[in-house]
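Trainee: Pasted the sequence and its predicted model underneath.
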Amino acid sequence: MKWGRVLLGAFLAEVVLIILAAAFYLAYGEAGATAKLVYVVPPACLLAMIAAGYWVARKAGDRQILHGTLVGVAGALMYVALTWGKILPMAYVVSHFLKIIGGAFGGW
């Protein structure tokens, strides 16, 4: 298992997603960004984890899908840890599942 790469891939994907959200907040202000991010975050999560899952799985040998899936799980857990106790839109909850699916697809 390449735990270091899994955690690094998940962390980098989450950083990309946070930068995306910050750019929306700078461009549209809080109210505009909140309204738009509900539609942008789910596909962005899927794409970020596909890329991270692929990056991690390249060096994973014969456990590529497992490593990709673990990237998605780690990314979802990182975001849950960052937002613990906050009420999130349903689109963000769905995004956690898309992270796992995206990571697995990237590993495949």
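Mentor: Great, that's in hand.
Trainee: CA atoms for contacts and neighbours, from now on please.
Mentor: Fine.
Trainee: Flag the shaky bits of the protein, pLDDT-wise.
Mentor: Applying pLDDT under 70 to the chain flags no residue at all.
Trainee: middle-most residue in it, spatially?
Mentor: C45 (4.4 Å; C-alpha atoms, centre = their mean).
Trainee: Which stretches in this protein count as helices?
Mentor: 3-57, 64-82, 90-107 (DSSP state H).
Trainee: Who are the packing partners of the first one?
Mentor: Packed against helix 3-57, as judged by 3 or more C-alpha pairs under 8 Å, 6 or more residues apart in numbering; DSSP states H and E, are the following elements: helix 64-82, helix 90-107.
Trainee: tell me the contacts of the residue nearest to W108 when sequence neighbours are not counted?
Mentor: In this structure, W108 finds its nearest non-sequential neighbour in I65, 5.0 Å apart by C-alpha to C-alpha, 6 or more residues apart in numbering. With contacts defined as C-alpha atoms under 8 Å, 6 or more residues apart in numbering, I65 is in contact with A57, G103, A104, F105, G106, G107, W108.
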